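S.K.: turn this into a structure:
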Amino acid sequence: MLININGHFVADHEANVSISDGSVLFGETLFETMKAYGTTIMLQKEHLDRLEQSAKALNFPCNRAAIETALQQVCTKITCPCSRLRLTISRGEFHGLEYPDDKEAWFCITATPYQETKDGRWPTPVTCVTAPNHRVNPTSHLPQMKRGNYADCLYARHYASENKADEAIFVDHNGHVLEGATTNLFIRKNRTLLTPPCGNLVLNGIVRQKLLQLIPLLDMQVVEQDITLQELLDADEAFITNSLIGVRPIASLDGTLLAGAETWQMLLILLKQSLPKVD
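M.R.: Next comes the predicted model:
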């Protein structure tokens, strides 16, 4: 694992956080998870744009220039074909409930190997369950953000794992599906792709954003609207997306088999074609 804190590489045993840090006391962090092929980070600008927008909304210190420099430093040391990069920013140490001075803020970048599907093979379909808990947003007056307070997603993902499923799908009080614990959701009905609208409970995922641009290239419509659980079960196909997995079809939900088709494959091809070429 590569670890870079505030632009300096450190060994595992040196990567320590104070027990008074906001990340420990309150889960008070923002983060982004990115994928790198070789030394090229996919969709870096889009990830940092979202981080910066979230930081501005929460009055969160975010030195984008320093983060970009550190990401370049990390890339020079990556040696594996595919990596998972986690970028975390924290306000620093709290003394009471007042925000720390901006100079206390820090960021950390870690890079670990990520196992991609072997060349020539399509990603395997995923099994899903409905989450037993509800999606929450501590800052419900603001759009959903990648915040360190991740308890609802962790609980749902653990539930999926206990039930031998790959992902958990959140459903709201009105019976509308929202998103996965770590993914966005799309379904297809005839020539139209539907995805739940962004708001205070649905994250505008980076790959989700890209697909909204790419879907019209298939001469198909895309509509952001509420989707009921029954509509998901009756869909012509359904798939989930995020920056690591790209696009993966859903095979089943709570043991009920879903229809399968090939639109997700075409979108995955378009997505890969839209990314920077890797030497």
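
S.K.: can you pull the poorly scored residue ranges out of the stretch 151-279 of the chain?
M.R.: Where the stretch 151-279 of the chain drops to pLDDT under 70, the residues are 278-279.

S.K.: redo that, cut-off 90
M.R.: 199, 275-279 (pLDDT under 90).

S.K.: could I get the full set of helices for it?
M.R.: With DSSP state H, counting those that start in this stretch as the definition, the stretch 151-279 of the chain shows helices at residue ranges 151-162, 206-214, 229-234, 263-274.

S.K.: please apply the same query to the stretch 1-150 of the chain.
M.R.: Going by DSSP H, counting those that start in this stretch, the stretch 1-150 of the chain shows helices at 22-25, 44-57, 64-77.

S.K.: could you dump the first one to CSV, C-alpha only?
M.R.: Looking back up the chat, that one is helix 22-25. Provided in CSV are the C-alpha atoms of helix 22-25 (Å, rounded to 0.1, in the frame of the first residue of the first chain):
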residue,chain,number,x,y,z
GLY,A,22,-12.8,14.9,13.8
SER,A,23,-12.5,11.7,11.7
VAL,A,24,-12.4,9.6,15.0
LEU,A,25,-14.8,11.6,17.1
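
S.K.: quick one: buried residues of it?
M.R.: By 16 or more other CB atoms under 10 Å, the buried positions in helix 22-25 come out as Gly22, Ser23, Val24. No exception for glycine: its C-beta is placed from N, CA and C like everyone else's.

S.K.: between those residues, which is closest to Leu233?
M.R.: Ser23 (39.0 Å; CB to CB).

S.K.: quick one: that closest one and Val17 touch, right?
M.R.: Yes. With contact defined as CB atoms under 8 Å, Ser23 reaches Val17; the gap is 6.1 Å.

S.K.: now the common contact residues for the two.
M.R.: Applying CB atoms under 8 Å, 6 or more residues apart in numbering, one finds that Ser23 and Val17 are jointly contacted by Ser90.

S.K.: I'd like the distance between the closest residue to Glu68 other than its chain neighbours and Glu28.
M.R.: With CB to CB, 6 or more residues apart in numbering as the criterion, Glu68 has its nearest non-adjacent residue at 7.0 Å, and that residue is Leu48. Distance, Leu48 to Glu28, by CB to CB, to the nearest Å: 20 Å.

S.K.: repeat that for Ala11.
M.R.: 26 Å.

S.K.: between the two, who's got more neighbours?
M.R.: Legend: neighbour count by other CB atoms under 10 Å for Ala11 and Glu28, higher for Glu28 (20 against 8).

S.K.: relative to Leu244, how far out is the nearest residue to the more buried one once chain neighbours are set aside?
M.R.: Distances taken as CB to CB, 6+ apart place Gly22 nearest to Glu28, at 3.5 Å, with adjacent residues excluded. The gap separating Gly22 from Leu244 is 26 Å, by CB to CB.

S.K.: Arg50 and Ile206 touch, don't they?
M.R.: Yes. Contact criterion CB under 8 Å: Arg50 and Ile206 qualify, at 6.9 Å.
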